[in-house]
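Novice: Quick one, what's the 3D model for this:
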Amino acid sequence: MKAIICTKYGPPEVLQLKEIEKPVPKDNEVLIKVHATTVTKYDCWCRSSTAPTGFGLLMRIASGLRKPKQPILGTELAGEIEAVGKDVKLFKEGDQVFGINLKDAGAYAEYKCRIYSYQYFIILGSRFGYLFELKNIRWSVFCAYNRFHKYSSF
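Specialist: Take a look at the predicted model:
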């Protein structure tokens, strides 16, 4: 599969299109075929190793001192579940999903494995509209959904 790889900190030119191995979902993960992603300020900070005043050292410790720990950037994605791990009960192949994950990023690739917990990402397209309508959902909406899901029986 193809992915955009960031092997060192710097301007956008450090990003490279490479062929890498397609991931295989673990028992508690889903494999998502990525249809759309975004370039967020967070992605730019991670690529360039810049951050708001006071956060530079913390960001370097979290994301890698000399080079990015996670070479595939991209925190938001919209796509379709292609495969599910054996412990996944909530989702099935073909479900349309949207997700945000600051922990391990990886949306700048054709495929991404993610833990299926709502804490990490997933909103079903069939519950919230079509996939093309979900592509504009941003962090604040996701946070509101996450809190609603946690404190309700939805």
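Novice: roughly how far apart are the residue sitting nearest the centre point of the chain and Ala107?
Specialist: Central residue check for the chain by Cα atoms, centre = their mean: the C-alpha nearest the mean position is that of Thr75, 3.8 Å away. Distance, Thr75 to Ala107, by Cβ to Cβ, to the nearest Å: 6 Å. From N, CA and C alone the C-beta is placed, and that goes for glycine too.
Novice: now Trp45
Specialist: From Trp45 over to Ala107 (counting by Cβ to Cβ), the distance is 15 Å.
Novice: neighbour-wise, which of the two wins?
Specialist: The residue with more neighbours, out of Trp45 and Ala107, is Ala107; 27 against 16, by other Cβ atoms under 10 Å.
Novice: Could you pull up the residues touching the nearest residue to the more buried one once chain neighbours are set aside?
Specialist: Once flanking residues are discounted, Ala107 sits nearest to Gly74: 2.9 Å by Cβ to Cβ, 6 or more residues apart in numbering. By Cβ atoms under 8 Å, 6 or more residues apart in numbering, Gly74 lies in contact with Ile4, Thr37, Thr38, Val39, Asp43, Ala105, Gly106, Ala107, Tyr108, Ala109.
Novice: Give me the local confidence score for the second one.
Specialist: In this case it means Thr37. With respect to pLDDT, Thr37 scores 87.
Novice: wait, doesn't it sit right on Ala107?
Specialist: Yes: counting by Cβ atoms under 8 Å, Thr37 touches Ala107, with 4.2 Å between them.
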